[in-house]
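K.L.:
Sequence plus predicted model, see below.
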Amino acid sequence: MTRTLTQLAQILRVALDTPLRRLFDYLPPTVVTDTPRAVLGSRVRVPFGRQRLIGLVVEVADSSEIPAARLKPALEVLDAAPVLDAVALKLIRWTAEYYHHALGEVIAAALPRALRLGASPYEREERWLVTAAGASAAAAGELRRAPRQRALLEFLLAHGDVGAPELAAHSDTWREAARALIARGYLVTSEIERAAEPVPVGVRSAGPELLPEQRSAVDSVSDALGAYGTFVLHGITGSGKTEVYLRLVERAIESGRRALVLVPEIGLTPQLVGRFRERFDAPMAVMHSALTDHERLSAWREAFTGHTRIVLGTRSAVFAPVPDLGLIVVDEEHDASFKQQEGGLRYSARDLAVVRARHAGVPVLLGSATPALETLQNVVTGRYARLRLQRRAAQAEPPHLKLIDLRASAVRAGLSTPALLAIDQHLGAGGQALVFINRRGYAPTLLCTACGWIAPCRDCDARLTVHLAAGRLRCHHCGADAPLPARCPQCGFTVKPVGQGTERVAEALLEQFPGVALARLDRDVVRRRGDLEEVMRRMSTGEARILVGTQMVTKGHDFPNVTLVVVLNADQGLFSTDFRAPERLAQTIVQVAGRAGRGARAGEVLIQTEFPDHPLLRSLLADGYDGFASASLAERSQAAWPPFSRLAALRDSARTAAAALAFLEDARRLAGRPPSGLRLLGPVPAAMAKRAGRYHAQLLVESRERARLHGFLDEWLPAVEQLRSARAVRWSLDVDPLELF
Ligand code: ADP
Ligand code: ZN
Ligand code: ZN
């Protein structure tokens, strides 16, 4: 009797993958045989309206606000042990609160899809067992005319409980033989959950002797293992940051712990993954967005069971299970890809890595040659400790930067005469050249020379880009794709491409340097696995002498023989309305410049600009990234932009511009007179208001104090959610937005 009562009194509070910011109460399943008891972090299958959903038990309570008669029992408990332990749940709760997002959706972002659909958190393995009938058949010498079956039966009798890999090693045709034996009743197969086997971990190669700066960085973090601390590894490109990560991961593993390493995009940094694999003789899980659901589940399981010692992954790997976590590394911490900028939950994996490290009581290392200004400000205030690497590791000199005044020199297809001369000279000296232009395709505009018609995207406030080789016009914002017209659709006169992208620059360089092999690197070239590696191979073997590419070329590749870098259009970032544009431009220039002179010869970097006196370019040239950063921080402080204030953007899109603005205006009205110390800016249409047929707008909320901002959002959002005009739009809240429009 008492037993039934306590059971009835137990309420499972379940997070479901819905945008509703609340938990759902259920009773434990009524049929208790065979189903495990729900614990915090177990998945449960529950009735939800007419559906059945899988949710996660995040609280167990002894009472509910729902009347007992209306409480329904859960249908099934899927896990006897939590799939998200207390530490993981703490990070998820923190994320839901800070980004003002429904807990169920945060959990959905943190777990692989297969787990949300009910897959087991453990790898399952088939085993084969000989039955009693099989054993006596073997003893009686049966199966004389089926030698393969007999061999398999004897192998199984000799080796006992055996799995597929051992059987495959024994015979190629074992599956056929096994099927026949099962049909005879001599063999049974079953699935078991494979337990993680402890694997010895080792270091394959010791790595080079550390330079003094590297050693002191490694020592500082090593000394802090076992306690929370955020370290910024601020090291110029080529200064050996990766070597520092490797040593620290080694220390963490040696002490029996595990490491989590976050990287911007794995597809773009195969070298980093390769260096970890080369260094460690230890299981490693690699997680990134190009995995299939099945691969993602496997990687998650390997991490969850503790089989792997290193988890290396992109943004969402910040939520990966890592038992006995000892260290977190975030490589290229300034990279925008760490911020989820689409969909509902817009989190920063870098910031969450710091929170996770604090919860877990471990150090986190944020590495970059160009740390984000937010990160540097945290160094200034003493919240983060900076470790510097100011010398290049492999005896290479940092490159020399120089501006080319575009107004004073002849330009062909975007290439100035001094740039062409420099390329010629470096090629002549046996070097390679890298030409950076932040635009793919042939030309950004197709223009009619008679009537002035410009090929527009029908669904965006944007022009279509000419892709000449493919004979297409494409929109880089919505993916629209049309044939390249031979004549103006308006007046019938000839049309011509205006401006340049990688394709056109490559064409012009081939004309200038006939017979010199050239490689291109952009998203049009890299479409399949292996394409990037092929470009890298051609560059590192010296088969290609010139590389033309977009942003992709800035990501950590090591081309030792590149002695010249040319930046074609530095000017885009100079006059943007987005206060972060200069920071992005400076980071790009410094990162791309870092590709020059990684080998024995010093590098040269030429930056083409029409504004050689612009203060940003001046400070970057005179004082490097440090000088630029302190000047920019001073400006941000004056203007009260982040990190000197906190921002949240309420964004929406709708079928009409009016509807997009109406919702945000209603939201603003709801706020009434905002509390002191808090400002509402907008609503305003986005700079590119129309994208993919929808109109975008935003309303900014700003405060000097984080607590004030979040206090306001806590009260305001539930009301915003209830607005009638909300139904006509798609909206989301972006806390600490990276890109403002
Ligand atoms: P970063 O990540 O800072 O750009 P890397 O770790 O890739 O720099 O190092 C740049 C180059 O210097 C690599 O070729 C690396 O193998 C080499 N290197 C790093 N540390 C050392 C060292 N202590 N001694 C010799 N070479 C080193
Ligand atoms: Zn025309
Ligand atoms: Zn478009």
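P.N.:
All right, it came through fine. Ligands and ions are numbered 1, 2, ... in the order given.
K.L.:
Next, name the residue at the spatial heart of this protein.
P.N.:
The C-alpha lying nearest the average C-alpha coordinate of the chain belongs to Arg315 (Cα atoms, centre = their mean; 3.2 Å).
K.L.:
ok, that residue - contacts?
P.N.:
Leu262, Ser337, Phe338, Gln340, Ala349 (Cβ atoms under 8 Å, 6 or more residues apart in numbering). No exception for glycine: its C-beta is placed from N, CA and C like everyone else's.
K.L.:
For it, report the pLDDT, please.
P.N.:
As predicted, Arg315 sits at a pLDDT of 95.
K.L.:
what's the neighbour count on the spatially closest residue to Asp736 that is not a sequence neighbour?
P.N.:
Once flanking residues are discounted, Asp736 sits nearest to Ser348: 6.2 Å by Cβ to Cβ, 6 or more residues apart in numbering. Applying other Cβ atoms under 10 Å, we find 24 residues neighbouring Ser348.
K.L.:
Roughly how far does Ser348 sit from Ala413?
P.N.:
Applying Cβ to Cβ, to the nearest Å, the value for Ser348 to Ala413 is 39 Å.
K.L.:
which secondary structure elements does the stretch of helix or strand Gly326 belongs to contact?
P.N.:
Following DSSP states H and E, one finds Gly326 within strand 325-331. Secondary-structure packing of strand 325-331 (3 or more Cβ pairs under 8 Å, 6 or more residues apart in numbering; DSSP states H and E): helix 241-254, strand 258-262, helix 349-360, strand 363-368.
K.L.:
Go again with 10 Å.
P.N.:
helix 212-224, strand 229-235, helix 241-254, strand 258-262, strand 310-313, helix 349-360, strand 363-368 (3 or more Cβ pairs under 10 Å, 6 or more residues apart in numbering; DSSP states H and E).
K.L.:
and the angle from it to helix 241-254?
P.N.:
170 degrees (axes from the mean of the first three to the mean of the last three Cα atoms, to 10 degrees).
K.L.:
Include mean neighbour count and distance to Val525 when you put the helices and strands packed on strand 325-331 into a markdown table, please.
P.N.:
Listed next are the helices and strands packed on strand 325-331 as a markdown table, based on neighbours: other Cβ atoms under 10 Å; distance: least, Cβ to Cβ, whole Å:
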| stretch | mean neighbour count | distance to Val525 |
| --- | --- | --- |
| helix 212-224 | 17 | 35 |
| strand 229-235 | 24 | 30 |
| helix 241-254 | 23 | 26 |
| strand 258-262 | 27 | 27 |
| strand 310-313 | 25 | 25 |
| helix 349-360 | 21 | 28 |
| strand 363-368 | 26 | 27 |
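K.L.:
and of those, who's closest to ligand 1?
P.N.:
helix 241-254 (3.3 Å; Cβ to the nearest ligand atom).
K.L.:
hmm, that closest one touching ligand 1?
P.N.:
Yes. Helix 241-254 reaches ligand 1 (Cβ under 6 Å from any ligand atom) through Lys241, Thr242, Glu243.
K.L.:
From Leu248, how far out is the first one?
P.N.:
In this case it means Lys241. 11 Å.
K.L.:
got any residues that touch both of these two?
P.N.:
Listed as contacting both Lys241 and Leu248 by Cβ atoms under 10 Å, 6 or more residues apart in numbering are Ala217, Leu233, Val329, Leu365.
K.L.:
Skipping adjacent residues, who's closest to the second one in space?
P.N.:
With Cβ to Cβ, 6+ apart as the criterion, Leu233 has its nearest non-adjacent residue at 4.0 Å, and that residue is Gly367.
K.L.:
What's opposite that neighbour in the beta bridge?
P.N.:
Beta-bridge partners for Gly367, by DSSP bridges, are Leu233, Asp331.
K.L.:
Need the pLDDT of it.
P.N.:
pLDDT, read off for Gly367, is 97.
K.L.:
That one against Glu333, yeah?
P.N.:
Yes. Between Gly367 and Glu333 there is a contact under Cβ atoms under 10 Å: 6.3 Å.
K.L.:
list the residues that contact both of those two?
P.N.:
With Cβ under 10 Å, 6+ apart, Gly367 and Glu333 have common neighbours Val232, Leu233, His234.
K.L.:
contacting residues around the first one?
P.N.:
By that I understand Val232. Val232 makes contacts with 330, 333, 364-368, 371-372, 375-376, 378-379, 384-388, as judged by Cβ under 10 Å, 6+ apart.
K.L.:
again, 8 Å this time
P.N.:
333, 365-368, 371, 375-376, 378-379, 384-387.
K.L.:
any chance of the shared contacts of Gly367 and Glu333 in TSV, plus distance to ligand 2?
P.N.:
As requested, the shared contacts of Gly367 and Glu333 are exported to TSV (distance: Cβ to the ion, whole Å):
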residue	distance to ligand 2
Val232	55
Leu233	55
His234	53
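K.L.:
which residues touch stretch 123-139?
P.N.:
With Cβ under 8 Å, 6+ apart, stretch 123-139 has contacts from 143, 150, 153-154, 156-157, 161-164, 167, 178, 181, 184-194, 298, 301-302, 305.
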